[in-house]
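**Student:** Quick one, structure for this:
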Amino acid sequence: MNSFRNNEPEAKRSSVDGMEDFRLGAARRRLAESTGQTDAIEALREIAGNFLGSEEIGLFEIDRKTGDIQLLWCFGIDPKQCHLLGALGDVGLQRMLVGKCHVAFVADDGAGSEPRTEAFVPIRLADHTVAILAILRLLPQKQGFDRQDMDLLALLSDEAGKALFGSTLNPVTNQPKART
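**Tutor:** Have a look, this model is predicted:
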């Protein structure tokens, strides 16, 4: 049955739109319902694996006072080999600090590695980038990020900070406090 408002037919929603709404809603709900930092990190792993098609991810925390970036957690990668600045570069880091996602296509490096898409997501809290989520390799059947994936990355940027660190920055240190 068609419904009409102001004598205009209601726009039909495509199944792609419905799946996107499902993915965004499920991701938002999973982050909001996380109980502590460990559970929020597990939520990020689930979202990256199930919705973005990656099993190689790392979460880096930024020390707002010193600017140091430290690996907080990783999955599917060797922590000793996970160097954010080497993968991201100065330009990408500057994009992160102002709150912009950075997606890069890394071509064959000549050493036999396959080309891959990488994404770096600024995790924001109170208009500050407090962490960076690095998605370093997609599953073989995933060719890259589409518009719906980019919407999901934006959601992670906007909403994962609260799940990971609480709702505000400490006014004395300008650092987020880890949720327990």
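**Student:** which strands and helices sit next to whatever helix or strand Gly92 lives in?
**Tutor:** Assessed by DSSP states H and E, Gly92 sits inside helix 84-97. In terms of contacts (3 or more CB pairs under 8 Å, 6 or more residues apart in numbering; DSSP states H and E), helix 84-97 is packed against strand 54-62, strand 69-75, strand 102-106, strand 116-125, strand 128-138. Where C-beta positions appear, they are placed from N, C-alpha and C, glycine not excepted.
**Student:** Which strands or helices does the fourth one pack on?
**Tutor:** Which is strand 116-125. Strand 116-125 packs on helix 84-97, strand 102-106, strand 128-138, helix 147-165, going by 3+ CB pairs under 8 Å, 6+ apart.
**Student:** how many neighbours does Asp68 have?
**Tutor:** Other residues near Asp68 number 10, with proximity taken as other CB atoms under 10 Å.
**Student:** Could you do the one 10 residues further on as well?
**Tutor:** By the criterion of other CB under 10 Å, Asp78 has 8 neighbours.
**Student:** Now do it against Gln70, distance only.
**Tutor:** 16 Å (CB to CB, to the nearest Å).
**Student:** again, but for Gln143
**Tutor:** Counting by CB to CB, the gap from Gln143 to Gln70 is 32 Å.
**Student:** Can you list the buried residues in the helix holding Gly92?
**Tutor:** For helix 84-97, burial by neighbour count (16 or more other CB atoms under 10 Å) applies to 84, 88, 92-93, 95-96.
**Student:** Also stretch 35-45?
**Tutor:** 37, 40-41, 43-45.
**Student:** Switch these over to CSV; also include secondary structure.
**Tutor:** Listed next are the buried residues of stretch 35-45 as CSV, based on DSSP: H, G, I helix; E, B strand; the rest coil:
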residue, secondary structure
Gln37, helix
Ala40, helix
Ile41, helix
Ala43, helix
Leu44, helix
Arg45, helix
